[in-house]
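**Student:** need a structure here:
(4 chains)
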Protein chains: 2
Amino acid sequence: MPPRTALKRQVNRLPPERRISDIMAAAKEVFVEKGYNDALITDIALRAGVVEGSIYRFFANKRELLVKVVEHWFEEMLRDDAEQFAAVRGSWNQIRFIIYTHLTSIHRDPALSRLMFQEIRPAPDYRGSHLFELNRAYTNRLVDVVKAGIASGELRPETSPSLVRDLVFGCIEHRTWAFLRGEGDFDPAEMADAITNLVHHGLALGGEPASPMESVVARLETATARLEAAAGIAPEKPSPRRS
Amino acid sequence: MPPRTALKRQVNRLPPERRISDIMAAAKEVFVEKGYNDALITDIALRAGVVEGSIYRFFANKRELLVKVVEHWFEEMLRDDAEQFAAVRGSWNQIRFIIYTHLTSIHRDPALSRLMFQEIRPAPDYRGSHLFELNRAYTNRLVDVVKAGIASGELRPETSPSLVRDLVFGCIEHRTWAFLRGEGDFDPAEMADAITNLVHHGLALGGEPASPMESVVARLETATARLEAAAGIAPEKPSPRRS
DNA sequence: CGATAGTGATGAATGGTATTTATTAGCGCT
DNA sequence: AGCGCTAATAAATACCATTCATCACTATCG
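**Tutor:** I've put the predicted structure just below:
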């Protein structure tokens, strides 16, 4: 006869929401510390006070767990930013704000940012995922700002808003890779100013060649071309211009 | 007595260089087809006409094999580009050339580009690796162009060359991620023009001299924008221009 | 109040894959 | 002809994600 008390296995029964949030909290810890590949389900289970098999009751697999963890972080971040953003006026300030808050997020949560860039975004099913939608909403704020800036005459009418989006977010990512690998540090405010200014003015000196009238006329032409197009009049054949 | 001929194991002896290049060729194929994680050593060995264990005679592990494969590709690419680049004159053209050739590489070898971006660059030992040095040489051409442009008075003196580097390469990467995931296509020449122009001029209108006409035109543009808005027309697709 | 169905939780398999190791085969050298 | 050196092999090992058969708690019903 087996010694009952010694064999009896311990079971800790909890409401599902609690279990799920425990597991997600543990998973976040481990993913942040070890990265996706080196994170062990065993380790996550241990820290969540649960056995490996239990994790699979709530999450289909390791990757789904990762996605849920990053989603949770991203949603929280979006909520925090959104209200502050609403108060900022002027296209330079708005662009600067978006860049600054993004840099701040990377600076605060480098490991989670990395997971987003390295593990989530390259996945073939990324487009179509919830995180894709969240990220889209996040970056579209910049697209909207650029569109508004063009409409109000603050920004060059011929700029592509989506290209500006890629320019800004791409630049931020590229410039923070060293930090994300754990090399050195950066100052979000300082970097935000530098990027905003560069994007705003570009590289070219002074800009307008020969006559200052040149660009002024070109802009008028652009404006009238839009009106023509809008009115359905001879839309094509905009006069080519030299910058 | 065992049937000698049946038991005798086949051994195919070859000079090491040949074996190494066979293995690397097979590895390149498999990594390109499957990505790093889903590439199997077994599969690579099979295609190289070799048994798994043999791979470990020449490469310490799977990751080193990956690094060697990507290094080989990158070195070849650098050689091809370098001579052409030497012939290009003028900062706009040089910047455009660098952007164009980089886009072309991504367009030609999306899978290898992905491996570089996703697997190699984020690794903690990337800085200090040979690929880091290669990539540094590659991107520094742009830094040098910007420095030269500043020295010659073509570009704004206060721009940070390294920031321009991050702006350009970051933008390219961000804009090509969808393509790298296998979604759609892009035209390197067209994209190169768009990026080069945007980087050159930035977003801001005219800027510098604040001619008296400036504010007048801005007001006219605002007026037309209002007209457009009133007419319920989306001002997408403004007149395309080339500089 | 006691039996029992339903379900959360368990821990021991299973399966796949990188890496190691012990053994064998071919080649050059004397 | 034998001997040693190294390429090459095939089997063994180790590590993990994932699955599965079983158990234990709780609430419901007779």
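
**Student:** Tell me the span between the first and last residue of stretch A:106-115.
**Tutor:** One end of stretch A:106-115 to the other measures 11 Å (Cα to Cα, to the nearest Å).

**Student:** Mind checking if that stretch is in reach of chain B?
**Tutor:** Yes - Stretch A:106-115 comes into contact with chain B (Cβ under 8 Å from any Cβ of the partner chain), by way of A:R114. All C-beta spots, glycine's among them, are computed from the backbone N, C-alpha and C.

**Student:** Burial check on A:L40, number of neighbours?
**Tutor:** 13 (other Cβ atoms under 10 Å in any protein chain shown).

**Student:** typed the wrong thing, it's A:R181
**Tutor:** 17.

**Student:** Need the pLDDT of it.
**Tutor:** We have a pLDDT of 97 for A:R181.

**Student:** do the one 10 residues further on as well
**Tutor:** Note on A:M191: pLDDT of 97.

**Student:** just checking, it touches A:R175?
**Tutor:** Yes - using Cβ atoms under 8 Å, A:M191 is in contact with A:R175, at 6.8 Å.

**Student:** Contact partners for the closest residue to A:Y138 other than its chain neighbours?
**Tutor:** Leaving out its chain neighbours, the residue that sits closest to A:Y138 by Cβ to Cβ, 6 or more residues apart in numbering or on different chains is A:L78, at 6.2 Å. If a contact means Cβ atoms under 8 Å, 6 or more residues apart in numbering or on different chains, then A:L78 has A:L134, A:A137, A:Y138 as its contacts.

**Student:** which ones are touching the first one?
**Tutor:** Residues touching A:L134, when contacts are defined by Cβ under 8 Å, 6+ apart, comprise A:E71, A:F74, A:E75, A:L78.

**Student:** buried sites along the lengthiest helix in chain A?
**Tutor:** As assigned by DSSP state H, the longest helix anywhere in chain A is helix A:62-86. Using 16 or more other Cβ atoms under 10 Å in any protein chain shown as the burial criterion, the residues of helix A:62-86 that qualify are A:62, A:65-74, A:77, A:81.

**Student:** For the residue nearest to A:Y138, give its distance to B:E183.
**Tutor:** According to Cβ to Cβ, to the nearest Å, A:L78 stands 24 Å off from B:E183.

**Student:** Equivalent analysis for A:R141, please.
**Tutor:** From A:R141 to B:E183 the distance is 23 Å (Cβ to Cβ).

**Student:** same question, A:E29
**Tutor:** A:E29 is 33 Å from B:E183, by Cβ to Cβ.

**Student:** residues near the closest residue in space to A:A45 that isn't next to it in sequence, how many?
**Tutor:** Spatially, and ignoring its direct neighbours in sequence, A:A45 is nearest to A:E52 (4.6 Å; Cβ to Cβ, 6+ apart). Counted with other Cβ under 10 Å, residues neighbouring A:E52 total 13.

**Student:** repeat for A:R136
**Tutor:** Quick note: A:R136 (other Cβ under 10 Å) scores 11 neighbours.

**Student:** so how far is A:Q94 from A:G149?
**Tutor:** With Cβ to Cβ as the criterion, A:G149 and A:Q94 are 8 Å apart.

**Student:** So, low pLDDT: which residues of chain A?
**Tutor:** A:1-10, A:203-243 (pLDDT under 70).
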